[in-house]
Structures are given as structure tokens and as C-alpha cells.
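Asker: Make a model of this:
(one chain, ligands or ions: 1)
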Amino acid sequence: MIRRLLHYSSPRARRLLVTELACVVATAVLQGIAFVMLVPLLRALFLGDLATVRFWLIAVALVGAAYAVVFWCASQVGMKASTAVLDSLLRRLGDRLVELPTAWFGVDRSGLVADIATRGAMFVASTPYSIVRLILTGFITPATVLIGMYFYDWRLALAMTATVPVMWITFRWLRRGMERDDAEHSAAVAEASNRVIEFANVQPALRMAGDRSTADRLVEDALRRQHQAYRGLLLTGGAGLAAFAGVVQLALTVVILLGAYLAVGGSLEPATLIALLVLGVRFTEPIANSGALGGGVAVANTTLTHLDELASVAPLPEPATSGVPADWGIEFHDVTFGYGGHPVLRRLSFTAPPGRMTAIVGPSGSGKTTIIKLMARFYDPESGTVSIGGVALPRLGTAVVEAAVAPVFQDVYLFDDTILNNVWIGNPDLSREEVVAAAARCRVDEIVERLPGGWDTRVGEGGSNLSGGERQRVSIARALLKDAPIVLLDEATAALDIGNEIAVSDTLDALHGDRTVIVVAHRLSTIMRADQILMLDGDGGIQEAGTHAQLLAAGGAYASYWQERANAAGWRLTSHA
Ligand SMILES: Nc1ncnc2c1ncn2[C@@H]1O[C@H](COP(=O)(O)OP(=O)(O)OP(=O)(O)O)[C@@H](O)[C@H]1O
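Answerer: The predicted model follows:
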């Protein structure tokens, strides 16, 4: 564990940790020496040899003083080391999260990350001081005592040595059990916190649907699994500790019995036996205490394993020097891609010309959002290439792609900051007036008018104080402000309010002819604006491609799709009239 901890520590934290451990080893050895010195002291006391008693008393006092000084140093360095280790762990976690491929965050990992960043990192950072120190003392002090024992009676020392492997095996067994159960417990805690967060987020939808049983069940199941895992952890810990304490007591009993046998046989003086038995107790006591801490090491190891897992997530390949795109057109060439082995796109090829708007339409689940995500390089395709301006995205590099692309997804997440700052992050170099003007173009000013604090109203965690459509409007304003040459817009199906529709239309008008725009389009008004429409076939390919007029004239799948949507819209208007 120490090796893994050193691996995740900064050079300063590493220096402090090594110094702390050196001090701990020194205190443990000094403690062991003091215990060993008790033997001649006690023996002299029993025999009434006061001159020898005085000599050993001074010697024990000197060793005790040295112990106190080194112990104080270990405590001071230990506290600094804990803070430095916590700092290193959080930095490593933060740096790693920034490097991870965007797709890693697609699956809900918030529970796991929160567990590492809070409970896990704090626990690991305090481990060297609160646990490792005591465990090291629990092993080094008895080892010193054992060596000392050989100087007084090799037979008792040998008996003690024979018990060491049994204690070691039991300790390892206890630790492994705790490690396994803590990994299960930690996964259950992460799952339960994901479900509780989800439960809170979907409350409005649940209440609308009038059926809370499914979400209730999911949360209850997750909490039940967490309780079960915790019970398992406590049971393993309890049983393991009892077994370990039993083995340690057995070791002491062996030494007492052997000592008594030798004393009865006359080959060991009673005064020496009593002194050695005191030493025997001193040998087993720290070991028994450290057994209880083995579980703590297991818990710390779980967090370190999670950090190892994060470190092993393969990053997307990046070029040594980025290629330069000839323009801002996007090309898919023979692209195949899927999730978990199930292909969503099969040998898909198309071109989205620069400065033009391409609308992607098709059945639900046909891969429209997936195409947008491949363009933003959340993933690389399994085969084929996605390129911008003739340069494949792996040769452009993620940073260049991220700078060139302004994506607006359906599931918009806003920071718990003011509405203005949420737009401003699109381009922090602009002035407040410029940001307000750009946001107004996307009709964010309409939202702001009804907010008590105007532009400086906080939007709540994830933007929860705004509607889905409003959140997307803020996100569109942010994307516009970024002034990227490519805009990817996944039109919100869940937010078909008129204000949002006008905001999207105005934005598309503003972008038209200037940027390459790719829209996953659901609204007829959006689809009609496009220079090119790609209609997906629901089997990973393109069924039809062309302009609105061309596709209508062709009278194929798109014409039927259009007719259906237009009829539905007409029916709605009539029914309201
Ligand atoms: N992260 C993911 N892991 C596993 N499967 C996924 C993931 N994202 C999407 N899928 C699956 O891939 C398929 C295509 O999803 P995608 O979101 O691209 O479709 P879509 O055409 O945009 O759908 P919609 O119109 O309903 O938004 C679906 O079957 C979806 O369930």
C-alpha cells in the first residue's frame, strides 16, 4: 500500500511520507529496545540487586526520552504528510479527469468520483498517520522484542518465532477479506448515491407520470444492496478480528506453557521466567492491536485501486503535431461504430460541406446523436475515418477538434453560477456588454426578464432552476459566443416551446453561410432550413440524402416522414382552434 501511495504522491508528499515512516520505524525499534531492557531490570528487582536496578532504570529512561523525541517528530511530520498526500491525490484525480476521453463521462460516474474525492482521498491521506504507523509499530516492536529474547532464552524465542508465520497468514487473510468486502461496499455506495441523485433529478417527471414505484424500487434496491454490503464488511471484519486475536493469544499461551515447563524442569530461573513472560506479553500486545487496523489498510487500498482504474483508461491517440484542416467541412468515410459490440453506424459515408447546414433526421435510436458525438471526438470510430477539412480527427488531435467545434447537446448541464457566467464561459475574453448582446440574440434575455436577479441570478445545480428549453437556449448562446467554425446542435425534443423554437431559428439564421452547422433536427422549420438533409435508415446507414425540395420530389421515405410530421402539426393546430 505504501508503494502505491508513494506512486500517487507529489515529490514533497513523498519526502514527508518517507521521513514519517523512518521516524515511525525508529520509534518502534526504540520501544522494542525499552521492552527488552525490562527483562534485566525486572530480574534484578526480583533478586534485590539494587545497583543493577539503578543502571537499567537509567538506561530505560534514556531510551524512553529518545522515544518521546522521535515520536513527537513522527507526529509533526505525519500531519504535514497527510495534508500533502491529500493534496496530491486530489490533484492527480483532477488532472486525470481532465485527460479522460469525454465518452468516459457518458456513463454516470458521479458517484464513483465523489466517493474517491471525499471519503476515499481523506481516508487514504490519513492512513499513514492513523493506521500504517500503528501497524508498523505493531510489527517492528515485536520483531525487536523477539531478537532481544534470543539473548535471554533461545528456546522461548524459538517458540515465539514459530508462531509468527501463523499470525502473518491470519493477518493477510483478514486484510484480503476486508479488501474484497470493502470493494463491494464502495461499489454499492457509488451506485446508491447515483440512484439517489437520479431520484432527486427525476422527481418532476415522476410526479407528472403519477408513478413513483419504479424509481422508489431502484433507490430502495440500491440502498438495500449498500446495507447488505456494509453488513458483509462488518461481519468479515468481526470474524477476522476474532480469529486474529485468538491466534495471538495462542502464541502467548505457547510461550507461557513452554516457560513453565522449563522452569519446573529447573533449566530456567523463576525470576528470568517472570521477566520473559512480561516480554512475551509485550511481544503479542502490539500485534493484537494492529490486527484491528488491517481492515483500514483494505479500505484505503480500495480507493487506490479506483485511482489505478482511472489511470488505466486508455486515452484517445493524439498526434505529435496537429494537422491543419483545409476548411471546416466534415467527412465520414466508411464509419462503423457501436456501443459494447452492438453496431449503431455501419460503413457510413457522407460529406457535410463547409459553411453549409446539414440536418440529420431519422428514427429514434438510429444514431443521430452518435454522429454528432463522433464529430466532437467523444469517441473514435471502430473503423473508417471522421475528418475535418480533409484531416482525420486523430491526426488533428482532441484539443484542435474541441476548439473548432461548438456542441449543443440535448442534456445540457449548466454550472451552479449566474446565468450570465454560464454564457460567458463560451468566450471569457469578451466584455459583459458583448456577452449580454450575444445572449439576447438567442433570446436568453426573455428568460432573464422573469428572474429576480436578472443576469446575475444563479441557475441552480446543473441549471435546475431553468426549464429544459431555457437551458438549451443558454447553451446555444454559449456556443455562439465561442465563435467556433463548426456548430453541432442536437435539437431538444423535450423542449418544444415556442420561445425555444424561435431561439433556435434565429441562431441558425445568424450562423447560416458563415459556419458549418450540423443539426440533429426534429422541427420541420429547422429541417426546411438545411442545405442538405441526411435521412438515416435505422440500420446504421443513410436512406436518402438531398435538399428538402429534392427529397419531397423523390416521393420516398423522407416525403412520407415529412407528410406525417406536417399532418401531425396541422392536426394540432386544428384541434386548438
Ligand atoms: N453511451 C451509450 N452506451 C450504450 N448505448 C448507447 C449509448 N449512447 C447511445 N446508445 C445506443 O445507441 C443507439 C443510437 O443512439 P443515438 O442517441 O445516437 O440515437 P438517436 O438517433 O440520436 O436517438 P434519439 O432520436 O432518440 O435521440 C441507441 O440504441 C442507443 O440506445
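
Asker: secondary structure element for Ala359?
Answerer: Element membership for Ala359 (DSSP states H and E) is strand 357-361.

Asker: buried set for stretch 358-376?
Answerer: 358-362, 366-376 (16 or more other CB atoms under 10 Å). No exception for glycine: its C-beta is placed from N, CA and C like everyone else's.

Asker: three-state assignment of Ala314?
Answerer: Assigned by DSSP: H, G, I helix; E, B strand; the rest coil, the conformation of Ala314 is coil.

Asker: burial measure for it, as a count.
Answerer: 7 (other CB atoms under 10 Å).

Asker: can you narrow the buried residues of stretch 358-376 to ones near the ligand?
Answerer: Subset of the buried residues of stretch 358-376 in contact with the ligand: 362, 366-370, counting by CB under 6 Å from any ligand atom.

Asker: Pick out whichever of those residues sits closest to Ser322.
Answerer: Thr370 (24.6 Å; CB to CB).

Asker: Quick check: closest non-adjacent residue to the closest one.
Answerer: Once flanking residues are discounted, Thr370 sits nearest to Val344: 5.1 Å by CB to CB, 6 or more residues apart in numbering.

Asker: Hmm, the one you found is touching Asp539, no?
Answerer: No - when contacts are counted by CB atoms under 8 Å, Val344 is not listed as touching Asp539 (9.9 Å).

Asker: Compare the two (neighbour count), which wins?
Answerer: The neighbour count for Val344 versus Asp539, taken as other CB under 10 Å, is higher for Val344 (20 against 13).

Asker: Next, the residue nearest the centre of the chain: secondary structure please.
Answerer: What sits nearest the mean C-alpha location of the chain, by CA atoms, centre = their mean, is Val113, with 2.6 Å. Here Val113 takes the helix state, with states given by three-state DSSP.

Asker: For it, list the residues it contacts.
Answerer: Neighbour list for Val113: 93, 97 [criterion: CB atoms under 8 Å, 6 or more residues apart in numbering].

Asker: hmm, back to that, any idea which helix or strand comes after the strand holding Ala359?
Answerer: helix 368-375.

Asker: Run the angle between that following helix and strand 357-361 for me.
Answerer: Between helix 368-375 and strand 357-361, the angle comes out at 140 degrees (axes from the mean of the first three to the mean of the last three CA atoms, to 10 degrees).

Asker: Quick check, Leu348 in contact with Ile360.
Answerer: No - contact criterion CB under 8 Å: Leu348 and Ile360 do not qualify, at 10.9 Å.

Asker: shared neighbours of these two, which are they?
Answerer: Ile371.

Asker: Near the ligand, which residues of the stretch 351-500 of the chain? Just list them.
Answerer: Checking the stretch 351-500 of the chain against the ligand by CB under 6 Å from any ligand atom, the hits are 362, 364-370.

Asker: repeat that for 5 Å
Answerer: Listed as neighbours of the ligand in the stretch 351-500 of the chain under the rule CB under 5 Å from any ligand atom: 364-370.

Asker: now for these, which pair is the farthest apart?
Answerer: Ser364 and Thr370 (12.4 Å).

Asker: C-alpha coordinates for stretch 48-60, CSV please?
Answerer: Provided in CSV are the C-alpha atoms of stretch 48-60 (Å, rounded to 0.1, in the frame of the first residue of the first chain):
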residue,chain,number,x,y,z
GLY,A,48,17.1,-7.5,45.0
ASP,A,49,20.2,-6.3,43.1
LEU,A,50,19.7,-2.5,43.6
ALA,A,51,22.9,-1.4,41.8
THR,A,52,21.8,-3.3,38.6
VAL,A,53,18.3,-1.9,39.0
ARG,A,54,19.6,1.6,39.1
PHE,A,55,21.8,1.0,36.0
TRP,A,56,18.9,-0.4,33.9
LEU,A,57,16.4,2.2,35.2
ILE,A,58,18.7,5.0,33.8
ALA,A,59,19.2,3.1,30.5
VAL,A,60,15.4,2.6,30.1
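
Asker: Please compute how far that stretch lies from its chain's middle.
Answerer: Computed by CA atoms, centre = their mean, to the nearest Å, the separation of stretch 48-60 from the middle of its chain amounts to 59 Å.

Asker: Direction included, what does whichever strand or helix holds the residue nearest to Thr370 pair up with?
Answerer: For Val344, the host element (DSSP H and E) is strand 342-352. Strand 342-352 sits in its sheet next to strand 330-339 (antiparallel), going by DSSP bridges.

Asker: which residues of this structure fall in strands?
Answerer: 330-339, 342-352, 357-361, 383-388, 391-392, 405-408, 486-490, 516-520, 532-536, 542-546 (DSSP state E).

Asker: mind checking how far the closest residue to Leu30 other than its chain neighbours is from the ligand?
Answerer: Computed as CB to CB, 6+ apart, the closest residue to Leu30 that is not its neighbour in sequence is Tyr67, at 4.2 Å. Tyr67 sits 58 Å away from the ligand, going by CB to the nearest ligand atom, to the nearest Å.

Asker: Now do the contacts for Tyr67.
Answerer: 27, 30-31, 34.

Asker: at 6 Å what do you get?
Answerer: The contact partners of Tyr67, taken as CB atoms under 6 Å, 6 or more residues apart in numbering, are 27, 30-31.

Asker: who wins for most neighbours among those?
Answerer: Tallying neighbours with other CB under 10 Å puts Thr27 at the head of the contacts of Tyr67, with 25 neighbours.
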